[in-house]
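1. structure of the sequence below:
(2 chains)
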Amino acid sequence: DAKTTQPNSMESNEEEPVHLPCNHSTISGTDYIHWYRQLPSQGPEYVIHGLTSNVNNRMASLAIAEDRKSSTLILHRATLRDAAVYYCILRTLVYGNKLVFGAGTILRVKS
Amino acid sequence: EAGVTQSPTHLIKTRGQQVTLRCSPISGHTSVYWYQQALGLGLQFLLWYDEGEERNRGNFPPRFSGRQFPNYSSELNVNALELEDSALYLCASPRGIYGYTFGSGTRLTVV
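-> Numbering: from 1, shown residues only, chains lettered A, B, ... in the order given. Sure thing, here's the model as predicted:
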């Protein structure tokens, strides 16, 4: 599986936008970019995914670089409930292809 | 659709004992993935079951085993428990391009 690189931690103020970066320079053409988040003592939660174009959903936006070697998860207005570990994962849709989690980014949100 | 359910939520066992954890995937979904998340560490892939068969396993000793039943629910068994088996055990149902839905996990403490 192609690797991703994320900052260990980031901090944000409540009600402000948060941009979480992810580098994936060895991404292949069939890799989808997935983002998950994990709140304390819970299982990871799907946030968003994309292939080539930017994506929006009710939780977040995903901005994908034109060369696909990096992406940014955007939380438009951070709340205290967004404090979590955020994982950027590459995944090819092949039968049985498991998710491989890295260390992720710990997001701290200050009130 | 109902999500992924796991039981029990918490468990305390003594070193050397055996434990069984249970998972029900999303209704009608045939695949179950098991992950281990030791304290402060990332999620490590354990086992993948589909259609009642073990399809893949991660780098874990044979005392980690499991099975999948005709209704696609699954059990994870850990024999001869060791202190380092203390972890959050998560199971997940794959949802195509939307990645996985995870359960809330079973917190196992080995004393």
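
2. quick check: A:Ala78 touching A:Lys110?
-> No. Shown here, A:Ala78 and A:Lys110 do not form a contact pair, counting by CB atoms under 8 Å, at 9.2 Å. Where you see a C-beta, it was placed from the backbone N, CA and C, and this is true even at glycine.

3. in its sheet, what does the one helix or strand B:Ile12 maps to sit against?
-> In this assignment (DSSP states H and E), B:Ile12 forms part of strand B:10-13. For strand B:10-13, sheet partners with direction are given as strand B:106-110 (parallel), following DSSP bridges.

4. show residues contacting the partner strand.
-> Outside of strand B:106-110, the residues that reach it under the criterion CB atoms under 8 Å, 6 or more residues apart in numbering or on different chains are A:41, B:6-15, B:19, B:21, B:78, B:81-89.

5. how about a cut-off of 10 Å?
-> Residues outside strand B:106-110 that contact it (CB atoms under 10 Å, 6 or more residues apart in numbering or on different chains) are A:41, B:6-17, B:19-23, B:36-37, B:39, B:76, B:78, B:81-91.

6. enumerate the positions of the strand holding B:Ile12 that are buried.
-> Taking 16 or more other CB atoms under 10 Å in any protein chain shown as the basis for neighbour counts, the residues of strand B:10-13 that come out buried are B:Lys13.
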